[in-house]
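**Q** okay, predicted coordinates and the sequence, questions at the end:
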Amino acid sequence: MAIRVLVVLLLVAETLLLPAQSADTAYVIRDVRVFDGETVAERQTVAIDHGRITAVGGPKIAVPPGAQEVAGEGRTLLPGLMDAHVHFPIFPVTGAEEALQQSLAFGVTTSIVMGAAPSQFVARIKGLEDADAPDIASVLNAGIYATAPGGHPTQMSGPGGPSFPTLTAPGEADAFVAARVAEGSDFIKIIYDDVERFGKKLPTLDEATIAALVAAAHARGRIAVAHIGDERTARGAIAAGVDGLAHLFEGTTVSTDFGLFAAKHGVFVIPTLSVLYSSCGMMDAPGFLKEADTMSRVKARFRSFLEMTSPPSTLRCDAAPQAVRQLVAAGVPLLAGTDVPAPGTMYGVSVHKELEHLVAAGLTPAAALTAATSATAKAFRMTDRGRIKTGMRADLLLVDGDPSTQIRATRNIVAIWKKGVRMRPVTQN
């Protein structure tokens, strides 16, 4: 433990020695292993200037004049990680901003916000997204959920806030989607789940309305992603044309053709194993609390997120890893997402645990890294990030070791860049 703490202190000292940061600062990382979002290459040199990757290759690539040297030997450079399923805490906008800062502290440079209540969206969260400040993770946002009157998650909107727009029939879908796009939604999030497994059945949309929502989203150049509750609703949403599933599902088994069914319809899937395992009582968050190097990056106010526990549950989660193995075998794109801030999860750090869950469920470490980088970028049509190649945004994560063979090495964070700006360590306040 003493050695690990010393390593953390040395890495922090290395970061603090850097001069004042700006997007104009040029860097060159030499003799580094590169995971480019899909494949691994050894002993590479990567140059960064004005927030972009300017060259990748051998030691003789063109390097910007005056570039700061960063040692890469024994280290791996990755695209900045992405969390494909997050929500914001329901407190003032500073909570959202701090959540994005906390995400970035763990190398998560882009967060996909899978829906918000009316009081959270539009002016407040869109303001953060439009600013895209260097010290917070970038945001892609679904905006307000598409759901039925009284359906999930209208029960979370809180008293006294703006009314929750809902819909009941296919004929209302076009106007609903148009309003979300006008507000700034980057994609459409559809709820197909009556949450009966949690003890109280709520109304939900029908498949005809889901199909109409998908058509309206596609007509406006947006993708549509579905929150589902079980295998039946997962299949229904896929058949209705959604582009992806925001979750897998609880249960003891999954049909043997589920992976092939998903592949046939060309969807992507965000398993969110972290939150599913939490709902099934398989909590592993307390482990983080015992890791001094991990917790050194956690702001004090977010420690309570890891200390939260789910209520006792009789749900089973055997179906989820079974489904993951089927989806891998069928070639379905999988994305890494956490559903933070569900009990036992926390911004940024839970992405690293999700990668471990994906590997345990059957992905190779390299495939899990793809799920948190290029696969998410491709699924959500982000063409400027998710890969390490010339011309891309310099959203980067440098770690000690080789996470393409040992996935836990993603936690050995040496440096994080967002748009070419190297992040300073989090202070625990």
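**A** The structure has been received and is ready for your questions. Predicted model, so just to flag it, every value in this text is computed and none were measured. Residues are numbered from 1 along each chain as shown.
**Q** can you pull the pLDDT of I210?
**A** Per-residue confidence at I210 stands at 98 (pLDDT).
**Q** my read: it touches I191, true?
**A** No - I210 sits out of contact with I191 when judged by C-beta atoms under 8 Å, with a separation of 9.3 Å. All C-beta atoms are positioned from the backbone trio N, CA, C, and that covers glycine.
**Q** what sits in contact with each of these two?
**A** Between them, I210 and I191 share these contacting residues under C-beta atoms under 8 Å, 6 or more residues apart in numbering: A226.
**Q** where along the stretch 301-429 of the chain do the helices fall?
**A** Using DSSP state H, counting those that start in this stretch, the helices found in the stretch 301-429 of the chain span residues 303-307, 319-330, 349-361, 365-371, 374-379.
**Q** in terms of mean pLDDT, which of those ranks lowest?
**A** The stretch with the lowest mean pLDDT among these is helix 303-307, at a mean of 75.
**Q** re the thing from before, dump the helices of the stretch 301-429 of the chain into JSON lines; add distance to E97 as well.
**A** Putting the helices of the stretch 301-429 of the chain into JSON lines (distance: least, C-beta to C-beta, whole Å) gives the following:
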{"stretch": "helix 303-307", "distance to E97": "16"}
{"stretch": "helix 319-330", "distance to E97": "32"}
{"stretch": "helix 349-361", "distance to E97": "18"}
{"stretch": "helix 365-371", "distance to E97": "27"}
{"stretch": "helix 374-379", "distance to E97": "22"}
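**Q** out of those helices, nearest to Q102?
**A** With C-beta to C-beta, the closest approach to Q102 among the helices of the stretch 301-429 of the chain belongs to helix 349-361: 8.2 Å.
**Q** work out for me the element the spatially most central residue of the chain sits within.
**A** When the chain is reduced to its mean C-alpha position, the closest residue under C-alpha atoms, centre = their mean turns out to be D83, at 0.8 Å. Element membership of D83 [criterion: DSSP states H and E] is strand 81-86.
**Q** now the following helix or strand past that strand, how far from the centre of its chain.
**A** Next in sequence after strand 81-86, counting helices and strands by DSSP H and E, comes helix 93-104. Taking C-alpha atoms, centre = their mean, to the nearest Å, one finds helix 93-104 lying 14 Å from the centre of the chain it belongs to.
**Q** next helix or strand past helix 93-104?
**A** Proceeding N to C from helix 93-104, the next assigned helix or strand is strand 108-113, under DSSP H and E.
**Q** low-scoring stretches of this protein, by residue?
**A** Applying pLDDT under 70 to the chain picks out residues 1-23, 90-94, 119-131, 157-162, 283-287, 309-312, 425-429.
**Q** where do the helices of the stretch 51-200 of the chain begin and end?
**A** Using DSSP H, counting those that start in this stretch, the helices assigned to the stretch 51-200 of the chain run over residues 93-104, 123-131, 173-183.
**Q** tell me how many other residues surround the nearest residue to A379 once chain neighbours are set aside.
**A** Once flanking residues are discounted, A379 sits nearest to F268: 4.5 Å by C-beta to C-beta, 6 or more residues apart in numbering. Counted with other C-beta atoms under 10 Å, the burial measure for F268 works out to 23 neighbours.
**Q** find the nearest non-adjacent residue to G80, please.
**A** In space, and not counting its chain neighbours, G80 is closest to T109: 2.9 Å by C-beta to C-beta, 6+ apart.
**Q** burial of the one you found, as a residue count?
**A** With neighbours defined by other C-beta under 10 Å, the count for T109 comes to 28.
**Q** that one reaches D395, doesn't it?
**A** Yes - shown here, T109 and D395 form a contact pair, counting by C-beta under 8 Å, at 4.0 Å.
**Q** need the overlap of contacts for those two.
**A** With contacts taken as C-beta under 8 Å, 6+ apart, T109 and D395 have 80, 138, 385, 418 as neighbours in common.
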